[in-house]
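1. Let me see the structure of the following:
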Amino acid sequence: MKWSQAITDYQHYLKIERGLSNNSIENYSYDIRKLISYLENNSITTSPTVIDNEIIKQFIYTISKEINPRSQARLISGLRNFFDYLVFENYRKTNPLDLIESPKIGRKLPDTLSIGDIDLLISAIDLSYQYNGVNLGERNRAIIETLYSCGLRVSELIELKLSDLFFEEGFIKVTGKGDKQRFVPIGETTQRFINIWKDIRNHIGVQSGSKDILFLNYKGKKLTRAMIFTIIKKLVEKSGLKKTVSPHTFRHSFATHLLENGADLRAIQMMLGHESITTTEVYMHVDRTHLSDVLNKFHPRK
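-> Now for the predicted structure:
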């Protein structure tokens with residue numbers, strides 16, 4: 001079995017059987033290509049069905065000099081999943097990563113913005129900014145408000161559709177990882193900013209394929225992930241905020257602020273679309289002072 005065929009079959013499995021997004025599938029494939037590149041650079045001739053533990057260990061030892069422990073752990077996990085698939089399909093009898101341990105890494109806490117930081121960023125948006133006659137300032141405010149107020153992933157934001165807006169009920173329908181859908185509450189303030197953008201959007205010549213997409217560029221096409229990162233980067237620079245901010249920072253801030261104000265962890269899990277509550281539990285470590293306050297306020301033997 002050739003590496004190219006193994007990757008193609010694995011990608012098909014990830015798409016059909018596990019329902020992963022194209023972005024997640026590409027990340028898994030990248031791990032395998034890293035291994036293939038190492039084999040080619042070192043003139044090692046082998047196949048995915050016969051490669052052994054020793055070659056894998058040599059690869060990981062070499063790559064550990066180039067990447068940090070967290071990236072190394074992710075790489076090992078990705079390769080382990082790939083070879084688990086080959087074992088499952090009876091292409092091989094054992095997984096060559098079974099005896100390889102991932103490096104010990106500390107739990108990385110999410111970066112967050114304060115409410116003051118959020119207000120600073122939003123106030124820095126030039127609402128009069130236009131390009132080719134399209135008011136993109138109002139669009140950008142609606143984007144930032146939606147990211148923060150609904151806790152969306154950037155991929156969920158750019159795929160948000162007009163038909164996903166249920167403002168009378170106070171919800172939006174979000175399509176998350178693996179095409180799983182959930183309903184997320186949306187506040188009146190965010191609804192108002194989206195409606196302002198919708199009025200502007202109605203005067204754009206929307207291109208085919210983007211007719212139902214909410215957030216568009218001035219050409220009437222769906223925004224890319226890179227464009228959202230660029231919008232935020234420029235906004236941070238303009239505001240003078242001395243923090244590293246990405247679209248995911250707003251999602252972390254959404255969850256953290258809900259927890260700090262007494263929201264139930266299960267409710268936060270549902271709004272974020274986390275499959276496991278253990279993923280959501282990372283926010284329990286963000287503000288230990290808040291947790292102490294909760295104990296002192298609510299426990300009968302404080």
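
2. Going along the chain, name the helices of the stretch 1-150 of the chain.
-> Secondary structure of the stretch 1-150 of the chain (DSSP state H, counting those that start in this stretch): helices at 3-16, 22-41, 53-63, 69-88, 115-123, 136-150.

3. Buried deepest among those helices, which one?
-> Neighbour counts (mean count of other CB atoms under 10 Å) averaged over each of the helices of the stretch 1-150 of the chain peak at helix 136-150, with a mean of 23. C-beta coordinates here come from the backbone N, C-alpha and C atoms, glycine included.

4. which helices and strands sit right next to that one?
-> helix 115-123, helix 154-158, helix 188-201, helix 225-239, helix 247-260 (3 or more CB pairs under 8 Å, 6 or more residues apart in numbering; DSSP states H and E).

5. Of these, which is nearest Ser24?
-> helix 154-158 (9.7 Å; CB to CB).

6. Which strands or helices does that closest one pack on?
-> Here helix 154-158 touches helix 136-150, helix 225-239, helix 247-260, going by 3+ CB pairs under 8 Å, 6+ apart.

7. Would you give the sheet partners of the next helix or strand after that helix, along with the direction of each?
-> On the C-terminal side of helix 154-158, the closest following helix or strand by DSSP states H and E is strand 165-166. Applying DSSP bridges to the sheet, strand 165-166 is found paired with strand 171-175 (antiparallel).

8. could the helices and strands packed on helix 154-158 go into a markdown table alongside mean pLDDT and distance to Lys93?
-> Below are these laid out as a markdown table (pLDDT from 0 to 100; distance: least, CB to CB, whole Å):
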| stretch | mean pLDDT | distance to Lys93 |
| --- | --- | --- |
| helix 136-150 | 95 | 47 |
| helix 225-239 | 93 | 40 |
| helix 247-260 | 88 | 40 |
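
9. For Arg201, find the nearest of those helices.
-> helix 136-150 (7.9 Å).

10. how far does that closest one sit from the chain's center?
-> Relative to the centre of its chain, helix 136-150 is centred 17 Å away, using CA atoms, centre = their mean, to the nearest Å.

11. now that helix and helix 115-123, what's the angle there?
-> Helix 136-150 and helix 115-123 are oriented at 160 degrees to each other (axes from the mean of the first three to the mean of the last three CA atoms, to 10 degrees).

12. Of the helices and strands packed on helix 154-158, give the one that comes closest to Ala124.
-> Nearest to Ala124, of the helices and strands packed on helix 154-158 and by CB to CB, is helix 225-239 at 3.9 Å.

13. what comes up buried for that closest one?
-> Neighbour counts using 16 or more other CB atoms under 10 Å place Ile228, Ile231, Ile232, Leu235, Val236, Ser239 of helix 225-239 among the buried residues.

14. Count the residues that sit near the closest residue in space to the fifth one that isn't next to it in sequence.
-> Which is Val236. Nearest non-adjacent residue to Val236, counting by CB to CB, 6 or more residues apart in numbering: Val245, 4.9 Å away. By the criterion of other CB atoms under 10 Å, Val245 has 19 neighbours.

15. Kind regards, and thank you for your time.
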